[in-house]
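Engineer: Could you look at this predicted model? Sequence included:
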Amino acid sequence: MSDLAKKPTPDAATPVPRGLSRRQKAAIIVRVLLTEGGDIDLSRLPEDMQSEITWLMSTMRVVDKFTMDSVVKEFTSQLSSVGVSFPDGLEGALGLLDGKLSDGLIERIREQAGTPVSLDPWDRLAEMESAELLPVLETESIEIGAVFLSKLKVAKAAELLGMMPGPKARQITFAMSKTGAITPDAVRRIGESLVSQLTARPETAFSKGPVERVGALLNFSPAQTRDDVLEGLREDDESFADEVTKAIFTFDNIPERMDPRDIPKVIRGVDQGDLVTALAFAVANGQQKPADFILENMSKRMSEGLREEMGEIGKIKTKDGDAAMSAVILEIRALEESGEITLAVDEDDDEE
C-alpha cells in the first residue's frame, strides 16, 4: 500500500483514490467497524469472500486517513441511496418471513428449491404442543421414542411420558439407557423424519378421533351394552378404555357436569313424554340423584306436574326407559355442540 500517500482530508465530493479493489475497500470498512466496536457477522458471506478479506487484512498494513475517510464516505453514500434490501438466498427470505408461513408450506418450498432443511428439526419439535407430539410417539418404535424423549426438555418429556400407557412408558424409559452410542447424524435424521410426519399429515376420513366416536356411540347405548363394551375394551387396551370412559356423558353425569341454570334449556327441547319416562325410569332403577336434579331446577308448577305423571306411568320396559334417557342426553349434547351450554370436566379426571 505504498502508493497510498497522505493527502488532505477530503470533502463530500472528493473521489476515492484509484487503485483500490472492491475487496480492499471492504477490508478497510471491516477494519474501521471493528475499531469502532461494531459487531459484524462475516460468517453470512460466502467462504471465499471471508477468506479473501482475511488475507487482505493480513497484508494491507497501513492505510492513510485520507484514503480511509474516502472509502467510508463512499460506503455511507451507497448505504443512504438504498431504499430497501432483501435477504440473500432462500433461507434468508424464509428467515425474514419467520412466523408468517405455515410449516408445511416452508417444507414444500425447500423441497421445490432442492435445498435441505437447514433448521434443527428438534427445535421445531420442541415448540409443538404435547398433544400434537403424542400420536407420533405412540406409533413409533420404542427405540425412536427413546431418542425422541431424550432430545426434548425434561418437563415436556415427562409430560409426554405421563400421557402414555404404563407398559410402553416403561419400555421407552429403559431404552433411553441404550441411546449413548447413537450418532448426531442419526439423531438429526430421526428429527427430520418426525417433523415430516407432523407437517404432512394426510386428510382423514373422520372429523373426530376414535375416542370421541366410540364415546358418542356408547352415550346412546343401553347401560348393559355400554358396561359390556367398556369391560371388553379394558381387557384389550386399558388406556383407550379410560379415555372413552371420560368421553362418555350419561344420565348419571347430569348433576356433576351440568349447570342447574341450563336445565330449562334442556327440557324445552325434549318431548314431555320422553322426559316423564326418563325420570320415572331413573327413579325406579336407583338413579334418584339425576332425576331430582332435573326436577329441582325447573319451575315448581312444572315439577309438580311431572311428578304427578311419573306416579301414573306404571312399569317401564328397559328398552323404552333407555330410549327416553337417550333422548335427554341427545338434547344435552346438541346444546353443548351449539355452544348454548357448557359441560364441566369430570372432577375425577382432574384428580388423576
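Structural biologist: Thanks, I have the structure now. What you see is a predicted model; the values in this text were computed from it and never measured.
Engineer: give the contact list for Q197.
Structural biologist: For Q197, the contacting residues are V136, taking CB atoms under 8 Å, 6 or more residues apart in numbering as the criterion. For the C-beta atoms, the positions are set from N, CA and C on the backbone; glycine is no exception.
Engineer: which SS class is it?
Structural biologist: Going by DSSP: H, G, I helix; E, B strand; the rest coil, the secondary structure assigned to Q197 is helix.
Engineer: Can you report how many residues lie near L279?
Structural biologist: Applying other CB atoms under 10 Å, we find 26 other residues in the vicinity of L279.
Engineer: excluding its backbone neighbours, what's nearest it?
Structural biologist: The spatial neighbour of L279 that comes closest, neighbours along the chain excluded (CB to CB, 6 or more residues apart in numbering), is A291 at 4.8 Å.
Engineer: Any idea how many residues pack against the one you found?
Structural biologist: Going by other CB under 10 Å, the residues that sit close to A291 add up to 23.
Engineer: Local confidence estimate at it?
Structural biologist: A291 carries a pLDDT score of 94 in this model.
Engineer: Would you agree it is in contact with N285?
Structural biologist: No - using CB atoms under 8 Å, A291 and N285 do not qualify as a contacting pair, with a distance of 9.9 Å.
Engineer: Buried residues of stretch 160-176, list them for me.
Structural biologist: Counting neighbours by 16 or more other CB atoms under 10 Å, one finds that the buried residues in stretch 160-176 are L160, L161, M164, A169, Q171, I172, A175, M176.
Engineer: In strands only, show me those.
Structural biologist: The members of the buried residues of stretch 160-176 all map outside strands under DSSP state E.
Engineer: so where's the stretch 151-300 of the chain uncertain?
Structural biologist: Counting by pLDDT under 70, the low-confidence segments of the stretch 151-300 of the chain come to 199-208, 220.
Engineer: give the contact list for L335.
Structural biologist: Neighbouring residues of L335 by CB under 8 Å, 6+ apart: D262, K265, V266, G269, I341.
Engineer: how about the fourth one, phi and psi?
Structural biologist: Right, the one you point to is G269. Torsion angles at G269 (phi, psi; degrees, to the nearest 10) stand at phi -100, psi 0.
Engineer: looking at it, it is touching I332, isn't it?
Structural biologist: No - G269 is not in contact with I332 according to CB under 8 Å; the separation is 9.1 Å.
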